[in-house]
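[1] Quick one, what's the 3D model for this:
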Amino acid sequence: MPTQKDRSKKAAQSTGEVEIEEAPATDVSGNPLDEVMSQAERAYAAYMDAERQVAKAYHENEMQVAKAYKRAESQAYRSYESTVTKARKERDEAIAAAAKSREESIQSAEADYSKAEGSANSAFEALMTEAASNRDSNIEKAWQVRDETIEQAWQIYSKIAR
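    Reported below is the predicted structural model:
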């Protein structure tokens with residue numbers, strides 16, 4: 001029959017735990033106190049083994065939680081970077097579209113201005129030419145009226161002077 005020490009060695013080897021030295025098992029040849037002591041030692045060894053297993057399970061759980069946190073944190077950073085990159089791209093595209101629209105508007109306004117300026121200059125030239133023509137015509141008429149008036153005045157004077 002394996003002793004308590006042999007059983008704890010086997011349990012330590014199967015779980016990979018460090019072996020804890022225990023008191024050597026005594027020969028239990030009928031002494032009830034020795035039997036109770038042996039049971040208490042076995043129970044204590046089982047308790048210590050269970051406590052180590054619980055500590056190991058808590059430690060493994062803590063490591064898994066830490067890994068899950070790191071994964072979630074990494075995913076949050078990647079999501080943030082992806083969103084920022086997408087937003088930056090959309091902003092740049094919107095600015096580029098606005099700049100293009102602005103440039104087109106400026107070109108259109110400059111074309112409209114040039115067209116309006118050309119039209120105004122043409123109207124000015126036409127009005128100036130018409131005004132100059134009217135002026136020349138009016139001056140010529142005024143000279144004709146003057147010449148006619150002078151002619152009439154000479155005719156009247158010549159009739160009187162004869």
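[2] For residue 118, which residues are in contact?
    Not one residue lies near residue 118 by Cβ atoms under 8 Å, 6 or more residues apart in numbering. Bear in mind the C-beta positions are built from the backbone N, C-alpha and C, glycine included.
[3] gap between it and residue 111?
    11 Å (Cβ to Cβ, to the nearest Å).
[4] hey, what's in contact with both of these two?
    Joint contacts of residue 118 and residue 111 (Cβ under 8 Å, 6+ apart) do not exist.
[5] Now do the SS call for residue 71.
    helix (DSSP: H, G, I helix; E, B strand; the rest coil).
[6] what helix or strand is the residue sitting nearest the centre point of the chain on?
    Nearest to the mean C-alpha position of the chain, by Cα atoms, centre = their mean, lies residue 87 at 2.5 Å. Taking DSSP states H and E as the criterion, residue 87 maps to helix 32-161.
[7] Mean confidence (pLDDT) on that helix, please.
    The average of the pLDDT scores along helix 32-161 is 94.
[8] Next, count neighbours for residue 45.
    18 (other Cβ atoms under 10 Å).
[9] what's the answer for the one 10 residues further on, then?
    Using other Cβ under 10 Å as the criterion, residue 55 is surrounded by 10 other residues.
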